[in-house]
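**Q** Turn this into a structure:
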Amino acid sequence: MAVVASSVSRLKALAENRLARLYGYENLWKYVEEITKTLAQLKKAHELIERHQKASCHLKSARHQKESFAKSQPSINKLLKQGNALLKKAHKSLTESELSITWLEQLCTKLQAELESVSASAIKTCDILRITYDCYFKLDQVYSWALTAMKYISQNSMDNYMTPEALELLATGLKSFMEQKTFIDDVVFDEISKQARFLSNRKLAERNKMAKRRYSETKNLLRTKYCLVDKKRLQIEEGSADLGSSESLVSAEKDRLGVHAADVHLHSSQSAPATPALALRGCNNHKDLNRRSQSLEDEDLPSVETEGSDGVDIGASAATGGAGFEDVANYSIGLEKTS
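**A** Numbering: from 1, shown residues only. Okay, here's the model as predicted:
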């Protein structure tokens with residue numbers, strides 16, 4: 001009987017030990033299921049983040065991606081928080097348990113790597129979307145500035161201003177417009193180009209080059225328009241002065257030679273062009289025009305040659321005294337298409 005009792009006691013102890021181990025495995029198995037489920041969710045989150053890393057090609061797309069990712073960020077952060085809490089509990093259970101479960105330890109290692117990867121990818125994607133949106137927003141402001149300037153130029157043609165006072169008013173308006181619409185620093189375009197290389201966004205780099213070219217053309221067009229208006233005003237003023245001096249000379253000749261001789265002189269003086277003196281004064285005015293243009297910026301005004309069919313030929317505008325500015329509608333359409 002003693003031997004039987006001893007055997008029963010040993011079997012009972014073994015059973016209790018086995019039962020305890022089974023309970024331990026059961027508790028650890030819960031972590032296996034939860035970790036496996038969390039890994040599947042992290043995989044989906046990773047795919048979602050990668051979709052948002054696709055390079056945008058315009059402002060609307062960049063805004064949509066940024067807003068869409070902002071909506072997904074709370075759920076991603078919640079998943080990361082739950083995953084880190086689960087990993088902490090699993091490590092604690094493994095430490096306290098006397099059981100050695102290699103596959104659970106491997107799952108914990110994999111979970112930790114996935115949590116770090118998703119977290120880093122989410123931060124990187126957030127930065128990419130923010131930078132991309134900021135760059136396209138700045139380019140959109142550049143196009144808006146250029147379009148506003150072109151509309152202003154087209155609405156203020158010199159053909160509608162034929163007196164020195166009206167041209168002075170137009171010149172003042174152009175100068176005020178250039179002061180209010182502050183010119184954009186070239187540093188903005190350099191920074192966008194740098195960010196485009198960092199993002200490996202070829203489309204952004206191309207649009208930045210195009211916007212910089214459009215901006216430069218429009219800026220020079222404003223300056224050229226201002227100088228043309230000022231030059232035409234001076235020419236009209238000098239033309240009026242020449243006419244006044246010619247009439248005074250005719251009056252003196254009438255007093256000295258008589259009415260008939262004066263009439264003949266009047267006819268000849270009106271039909272003969274007074275080009276030498278006027279041409280000389282025109283040269284002086286050209287120097288004055290250069291000084292006025294240099295007061296806007298300490299550099300010579302470069303001639304602007306636009307590319308493509310949507311440009312405005314500044315050379316033709318200068319030759320015709322501003323008539324070429326009526327072609328600005330084509331330029332504006334080109335800006336709207338590229339923005």
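**Q** From here on, just use CA atoms for contacts and neighbour counts.
**A** Noted.
**Q** So residue 201 versus residue 120, what's the distance?
**A** With distances taken as C-alpha to C-alpha, to the nearest Å, residue 201 is found 20 Å from residue 120.
**Q** Those two - which one has more neighbours?
**A** With neighbours defined as other C-alpha atoms under 10 Å, residue 201 and residue 120 compare such that residue 201 has more, 17 against 12.
**Q** which residue packs closest to that one, ignoring adjacent ones?
**A** residue 55 (6.2 Å; C-alpha to C-alpha, 6 or more residues apart in numbering).
**Q** Hmm, the one you found is touching residue 196, no?
**A** No. Using C-alpha atoms under 8 Å, residue 55 is not in contact with residue 196, being 10.2 Å away.
**Q** shaky segments in the protein?
**A** Screening the chain residue by residue with the criterion pLDDT under 70, one finds the ranges 1-27, 97-100, 240-339.
**Q** where along it do the helices fall?
**A** Secondary structure of the chain by DSSP state H: the helices cover 2-52, 59-96, 102-155, 164-180, 186-199, 202-257, 259-271, 275-296, 314-319, 328-338.
**Q** Verify the stated contact: residue 236 with residue 161.
**A** No. Between residue 236 and residue 161 no contact is recorded; they are 11.0 Å apart, counting by C-alpha under 8 Å.
**Q** got the domain boundaries for this structure?
**A** The record assigns the chain these domain ranges, following automatic domain parsing: 20-135, 156-281.
**Q** Adding distance to residue 144 as columns, could you present those domains in a markdown table?
**A** What follows is those, written out as a markdown table (distance: least, C-alpha to C-alpha, whole Å):
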| stretch | distance to residue 144 |
| --- | --- |
| domain 20-135 | 13 |
| domain 156-281 | 10 |
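**Q** closest to residue 145 out of the ones you listed?
**A** Of all the domains of the chain, the one in closest proximity to residue 145, counting by C-alpha to C-alpha, is domain 156-281 (7.5 Å).
**Q** And the closest residue to residue 218 other than its chain neighbours, how close does it get to residue 116?
**A** Sequence neighbours aside, residue 146 is the residue nearest to residue 218 in space, at 6.0 Å (criterion: C-alpha to C-alpha, 6+ apart). In this structure, residue 146 and residue 116 are 45 Å apart, going by C-alpha to C-alpha.
**Q** The two: who's more crowded?
**A** The residue with the greater number of neighbours, taking residue 146 and residue 116 and applying other C-alpha under 10 Å, is residue 146; the counts read 23 against 13.
**Q** so how far is the first residue of stretch 48-58 from its last?
**A** Stretch 48-58 has an end-to-end distance of 21 Å (criterion: C-alpha to C-alpha).
**Q** residues of that stretch that come out buried?
**A** By neighbour count, and taking 16 or more other C-alpha atoms under 10 Å as the criterion, the buried residues in stretch 48-58 are 49, 52, 53, 55, 56, 57, 58.
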